[in-house]
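Q: Sharing a sequence plus its predicted fold:
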Amino acid sequence: MATKTANGKLATTPDGLEYRPSHEGLPPRSIAPSKLARTLTLVVLGFVALYFILPIIWVIFASSKTKGGLLSSFGFWFGDDIAWGANWNALMAWTQNLFPRWVLNSIFYSTVSAIVGTLLSVAAGYAMAKFQFPGRNAMLGIVMTGLLMPVALLTVPMYLLFSQLGITNTIWSILIPCIVSPFGVFLGNVYAASSVPTELLEAARIDGAGEARIFFTMVLRLLAPAMVTIFLFIFVATWNNFLLPLMMISSAELKPVTLGLYGMMSYFDPNRGAVMLGALLGVLPLIVLFLLLQRFWQAGLAAGAVKG
């Protein structure tokens, strides 16, 4: 590759082409987007960022206002009086001090479902990607069909089944449906097919390693990026699930935070400031989780894009 000459001018190749190095931090000039394209991209991304950030900012301001202050003050700023303390007292009074338990219930449901669902998803995806058995293609087709099936469509049949089994109004009525993730199985299958070398598996079997040891000591490490992505999807889906606990749970002690806040809003003339504070506290665990796992999730998406 040609470089600059001693007098600082750009060098030329033997056929007369001038060497023009790319700017530091930018792609090569031949594939670099135009200035207009970069500007439009930044503008679009800015609007997308505002679309997702502004609701959270609004909830922060709204949670500090009284019920009357929500209507009389500007939405994206604090009211005349900061009412976080009063709203918290109203929230605890209306929920009979159960709000912290509802948040803990949501954390429990989402964490257990995400951990167990992630292991089941990558195990099923790995099995369908690396093992030959009758009906493998049919099973993968069923999983793909499950991706198109609305969850709400299955809630009533699951309620009837769980009612006959006698497990409604229990934690199992929430955990069992949430640990099954067709998307997780599909993603685990894609990652296992592209990220787990068959030669590595065969070498481990020749060395005498059993299938369980291969899966837990080798495959799970190779599928770590996919596992983070599946974990986040199942966690968020379980946390935001509303119809399932509405059908299954009747005990106040077992409610997740989404169902608890719905009950507060369905009450005649609710304290909306307290509801906004509950919504803010209810979404904080998701924000913290995404911030903690963001770099692992981005690495997993990048690895999937390169290997896919």
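A: Cool, the structure landed.

Q: what about the helices in the stretch 151-300 of the chain?
A: Here the stretch 151-300 of the chain has its helices, by DSSP state H, counting those that start in this stretch, at 151-165, 172-178, 182-195, 198-206, 211-214, 220-222, 224-240, 243-248, 257-265, 272-307.

Q: Turn those helices into JSON lines, including mean pLDDT, mean neighbour count and distance to residue 55.
A: In this view, the C-beta of every residue, glycine as well, is placed from N, C-alpha and C. Below are these laid out as JSON lines (pLDDT from 0 to 100; neighbours: other Cβ atoms under 10 Å; distance: least, Cβ to Cβ, whole Å):
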{"stretch": "helix 151-165", "mean pLDDT": "88", "mean neighbour count": "13", "distance to residue 55": "23"}
{"stretch": "helix 172-178", "mean pLDDT": "93", "mean neighbour count": "19", "distance to residue 55": "25"}
{"stretch": "helix 182-195", "mean pLDDT": "89", "mean neighbour count": "21", "distance to residue 55": "25"}
{"stretch": "helix 198-206", "mean pLDDT": "89", "mean neighbour count": "12", "distance to residue 55": "46"}
{"stretch": "helix 211-214", "mean pLDDT": "89", "mean neighbour count": "13", "distance to residue 55": "45"}
{"stretch": "helix 220-222", "mean pLDDT": "88", "mean neighbour count": "14", "distance to residue 55": "36"}
{"stretch": "helix 224-240", "mean pLDDT": "90", "mean neighbour count": "22", "distance to residue 55": "14"}
{"stretch": "helix 243-248", "mean pLDDT": "91", "mean neighbour count": "20", "distance to residue 55": "22"}
{"stretch": "helix 257-265", "mean pLDDT": "83", "mean neighbour count": "19", "distance to residue 55": "15"}
{"stretch": "helix 272-307", "mean pLDDT": "74", "mean neighbour count": "16", "distance to residue 55": "10"}
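
Q: Of all those helices, which one is nearest residue 116?
A: helix 172-178 (7.6 Å; Cβ to Cβ).

Q: how far out from the middle of the chain is that closest one?
A: In terms of Cα atoms, centre = their mean, to the nearest Å, the centre of helix 172-178 is set 18 Å apart from its chain centre.

Q: Relative to residue 209, how far out is residue 258?
A: Distance, residue 258 to residue 209, by Cβ to Cβ, to the nearest Å: 44 Å.
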